[in-house]
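J.: here is my input, please return the structure:
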Amino acid sequence: MQYTLEHTASQSEARAGTLETPHGNIKTPIFMPVGTAGSVKGVHVKELKEDIKAQIILGNTYHLYLRPGMPIMEAAGGLHKFNGWDKPILTDSGGFQVFSLGDIRKLSEEGVRFQSHIDGSYHLFSPENSMNIQRSIGADIIMAFDECTPGDADYTYAKKSLDLTQRWLERCFVQLGKTQPLYGHTQSLFPIVQGCVYPDLRKMAAQQVSSYHADGYAIGGLAVGEKEEDMYAMIEVVNAVLPTNKPRYLMGVGTPVNILEAIDRGVDMFDCVMPTRNGRNGMLFTQKGIINIRNKKWESDFTPVDPDGTSYVDHQYSRAYLRHLIISKEMLGAQIASIHNLAFYVWISQEARRQIKNDTFKTWKEQMVQQLSVRL
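T.: Just a heads-up that it's a prediction; the model follows:
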């Protein structure tokens, strides 16, 4: 996998680049829709390509491992063949999901033993079998197995957790070296920078992962309960260390404002369930602010959801109609809202790219942050 840095914005760390993968090129900055169980919830592949203009989607190792399982995945020829998506795919390692299971998981040096949320059966995720599962899924970009440290962890816990993540990272690379891709294309392993909200730990982690000369790097353990200003500060600490000639992926973040602030600080790749999860509940993102479509004020508003979004919004649906669908719990309402929000997220990342290349990013970003923070 090859990353080409094309331009860095003036008065900013914001970058525009191209990431070449076995299933196509990705123009960064980029937002990646989350396809937890092998699909972006409620959205067809055709809509992902034509309406949302997604360049890459995510799959979830934990959920795909439990269902449909790796024998089915391998028989299908990997996730690309299984779900019909022929563009790039990124998979997480399953770490965040198993750590969020709370009382039904047990952490050790070996890995994490956990109970399935589906049937209560017991399983082990370790660095080794996380790599094996991601080989079976066949994603272009795969993630190292790590512990996602809580945002409110004290320094002692954060240091201990980071040490474990670093030992696991070595095992991930060793296991990857012992195995081969299953479907005729290469896979790139991204290490994950942890360290909670402690600058010295984040710096140490960034230095450690950089020593692997990986194809790209991820920043994890943010937007998990810490203050926004701490998140931005940790991004700055980490990106000051990570190599400039490799892509940087901020995991699981966040709002459109979070994304613009992170782009400003040199992040290239993003994912978050917010566009679809919030969309299903009636929250719509627009260029002029956030709409709660359930509010009665939209009941007879026959204008498009985002009148300014001529490049990414299907204008045949009005706010009044979408409100009717959401209030009536019609499946189409959740689908339209999800497509709208995902298209908005992809658009804002690609508009950021255009502004970066035009050297107008900083002024545009400051204006957009003000607009996007408004509740309409």
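J.: CA atoms for contacts and neighbours, from now on please.
T.: OK.
J.: name the residues of stretch 119-126 that are buried.
T.: For stretch 119-126, burial by neighbour count (16 or more other C-alpha atoms under 10 Å) applies to 124, 125, 126.
J.: with secondary structure and pLDDT added, can I get those residues in CSV?
T.: What follows is those, written out as CSV (DSSP: H, G, I helix; E, B strand; the rest coil; pLDDT from 0 to 100):
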residue, secondary structure, pLDDT
124, strand, 93
125, strand, 94
126, coil, 96
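J.: quick one: distance of the strand or helix carrying residue 235 to the chain centre.
T.: In the assignment (DSSP states H and E), residue 235 maps to helix 228-239. Distance of helix 228-239 from the chain centroid (C-alpha atoms, centre = their mean, to the nearest Å) equals 17 Å.
J.: can you name the element that comes right after it?
T.: Taking DSSP H and E as the definition, the helix or strand right after helix 228-239 is strand 248-250.
J.: any idea what the residue lying closest to residue 250 once chain neighbours are set aside is bridged to?
T.: Leaving aside its chain neighbours, residue 250 sits nearest to residue 219 (4.9 Å; criterion: C-alpha to C-alpha, 6 or more residues apart in numbering). When assigned by DSSP bridges, residue 219 has beta-bridge partners residue 193, residue 250.
J.: could you pull out the buried residues of the helix or strand hosting residue 81?
T.: Assessed by DSSP H and E, residue 81 sits inside helix 79-83. For helix 79-83, the neighbour count (16+ other C-alpha under 10 Å) marks 79, 80 as buried.
J.: thought residue 253 was touching residue 271?
T.: Yes - the pair formed by residue 253 and residue 271 meets the contact definition of C-alpha atoms under 8 Å, at 6.2 Å.
J.: tell me the contacts of residue 113?
T.: Taking C-alpha atoms under 8 Å, 6 or more residues apart in numbering as the contact definition, residue 113 lies against 105, 106, 107, 122, 123, 124, 125.
J.: that one looks like it's in a helix, true?
T.: No - assessed with DSSP: H, G, I helix; E, B strand; the rest coil, residue 113 is strand; it does not lie in a helix.
J.: gap between the closest residue to it other than its chain neighbours and residue 234?
T.: What sits nearest to residue 113 in space, not counting adjacent residues and going by C-alpha to C-alpha, 6+ apart, is residue 124, at 4.4 Å. From residue 124 across to residue 234, the span is 31 Å (C-alpha to C-alpha, to the nearest Å).
J.: any idea how far residue 123 lies from residue 116?
T.: For residue 123 relative to residue 116 (C-alpha to C-alpha), the value is 7 Å.
J.: same question but for residue 367, I mixed them up
T.: From residue 367 to residue 116 the distance is 46 Å (C-alpha to C-alpha).
J.: the two: who's more crowded?
T.: Set residue 367 next to residue 116 and count neighbours by other C-alpha atoms under 10 Å: residue 116 wins out with 17 against 11.
J.: OK, contacts around that one?
T.: 66, 122, 123.
J.: burial count for residue 351?
T.: 16.
J.: what strand or helix carries it?
T.: helix 331-357.
J.: tell me how far that helix is from the chain's mean position?
T.: That offset, for helix 331-357, works out to 14 Å (C-alpha atoms, centre = their mean).
J.: buried set for it?
T.: Applying 16+ other C-alpha under 10 Å to helix 331-357 flags 333-353, 355-357 as buried.
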